[in-house]
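S.K.: Here's a sequence, model it:
(one chain, ligands or ions: 1)
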Amino acid sequence: MSEDTYEDFLLRRHREIGALIAQAAGRSGRDASEVRALAVSKTVGFEEVLAAWRAGWRAFGENRPQELVRKLDAAQATPEMAGVRFDMIGNLQKNKINQVLGRATLVHSLSSEHLARAVSARSEARGLTTDVLLETNVSGEASKSGFSPDELRASAERLVGLSGIRVRGLMTMAPAHDATAARRTFSGLRALAEDLRERTGLALDVLSCGMSDDFSIAVEEGSTLVRLGRCVFDQDYRLH
Ligand SMILES: *Cc1c(COP(=O)(O)O)cnc(C)c1O
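M.R.: Modelled structure (predicted):
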């Protein structure tokens, strides 16, 4: 294995991750086609993004607007990457909103009503409707950002009424190194989405959850969009 080139590694990992997602989906009676995987490229450069594209990755996630724009510009200047997708997955500061509007395919990290209103207003001003997820702090950890479930239930109808955004679903992060807590977080996200579906009449069919350490659990619990960084790009990361 140490003889692997980085390109070989990316290709093998893409296959292994796809197989693990398919197995996890199968265990909960789901079709693997319901699950999309984003390669989170925040720790690598454009060269690695291009190599990952060649290995089969089609959608990428970035947590800083400037990086997203830089890599997306490079990808769009690369004819073989036609159709590439970049999502904004990290904390979005108000003064950076304009950078990602019309560039990010999906903004995963609308973490407050204040931010949702700002993204909506700026989208409207540019004649855009921005696809977004509402970031939810399901686990209740103080270190995590996002709406609390109660807050979300209370503000859902106002949020879906904002005309510059299209709320597609929810996003969360699970506590680290605790499979039981992770499972509870992911199933809680799914239950919350069902509740909000009834309240709003929206499909809310995108559940962004699951990272390198916990994506199999997330897929078992209903994730439709996993966000994978280390397991895609880091040769020292052991898949499990
Ligand atoms: C970095 C990051 C990921 C990917 O994490 P890994 O553990 O490297 O898979 C997913 N989501 C968000 C919001 C991130 O910032």
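
S.K.: got a list of contacts for the strand or helix carrying residue 196?
M.R.: Using DSSP states H and E, residue 196 sits in helix 179-200. Outside of helix 179-200, the residues within contact range by C-beta atoms under 8 Å, 6 or more residues apart in numbering are 136, 138-139, 149, 152-153, 156-157, 160, 167, 169-170, 172-175, 202-204, 207, 209-210, 214, 217-218, 220-223. Backbone N, C-alpha and C define where each C-beta goes, glycine included.

S.K.: show me what contacts the residue of the chain found nearest the ligand?
M.R.: The nearest approach of the chain to the ligand comes at residue 229, 2.6 Å away (C-beta to the nearest ligand atom). Shown in contact with residue 229 (C-beta under 8 Å, 6+ apart): 39-43, 61, 211-212.

S.K.: filter those residues by proximity to the ligand?
M.R.: When the contacts of residue 229 are checked against the ligand using C-beta under 6 Å from any ligand atom, the ones in range are 40, 42, 211-212.

S.K.: how about residue 24, secondary structure?
M.R.: Three-state call for residue 24 (DSSP: H, G, I helix; E, B strand; the rest coil): helix.

S.K.: Give me the pLDDT value at the closest residue in space to it that isn't next to it in sequence.
M.R.: Spatial nearest neighbour of residue 24, excluding adjacent residues (C-beta to C-beta, 6 or more residues apart in numbering): residue 219 at 3.8 Å. Note for residue 219: predicted pLDDT of 98.

S.K.: Residue 219 contacts residue 30, correct?
M.R.: Yes: counting by C-beta atoms under 8 Å, residue 219 touches residue 30, with 7.5 Å between them.

S.K.: just to revisit the earlier point, distance-wise, check the residue of the chain closest to the ligand relative to residue 64.
M.R.: 13 Å (C-beta to C-beta, to the nearest Å).

S.K.: Identify the contacts common to those two.
M.R.: residue 42.

S.K.: Would you map the helices across this protein?
M.R.: 6-27, 46-55, 65-76, 97-100, 113-125, 149-160, 179-200, 215-220, 230-233 (DSSP state H).

S.K.: CSV for those helices, including mean neighbour count and distance to residue 83?
M.R.: Formatted as CSV, the helices of the chain follow (neighbours: other C-beta atoms under 10 Å; distance: least, C-beta to C-beta, whole Å):
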stretch, mean neighbour count, distance to residue 83
helix 6-27, 16, 17
helix 46-55, 18, 10
helix 65-76, 18, 10
helix 97-100, 18, 19
helix 113-125, 18, 23
helix 149-160, 16, 29
helix 179-200, 18, 28
helix 215-220, 24, 23
helix 230-233, 22, 19
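
S.K.: With distance to residue 90 added, can I get the ones you listed in JSON lines?
M.R.: Shown next, in JSON lines, are these (distance: least, C-beta to C-beta, whole Å):
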{"stretch": "helix 6-27", "distance to residue 90": "21"}
{"stretch": "helix 46-55", "distance to residue 90": "16"}
{"stretch": "helix 65-76", "distance to residue 90": "8"}
{"stretch": "helix 97-100", "distance to residue 90": "10"}
{"stretch": "helix 113-125", "distance to residue 90": "13"}
{"stretch": "helix 149-160", "distance to residue 90": "20"}
{"stretch": "helix 179-200", "distance to residue 90": "18"}
{"stretch": "helix 215-220", "distance to residue 90": "18"}
{"stretch": "helix 230-233", "distance to residue 90": "16"}
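
S.K.: where does the chain dip in pLDDT?
M.R.: 1-3 (pLDDT under 70).

S.K.: that older thread, show me the contacts for the residue nearest to residue 24.
M.R.: 21, 24-25, 28, 30, 35, 210, 226.

S.K.: Please apply the same query to residue 203.
M.R.: Contacts of residue 203 by C-beta under 8 Å, 6+ apart are 168, 197.
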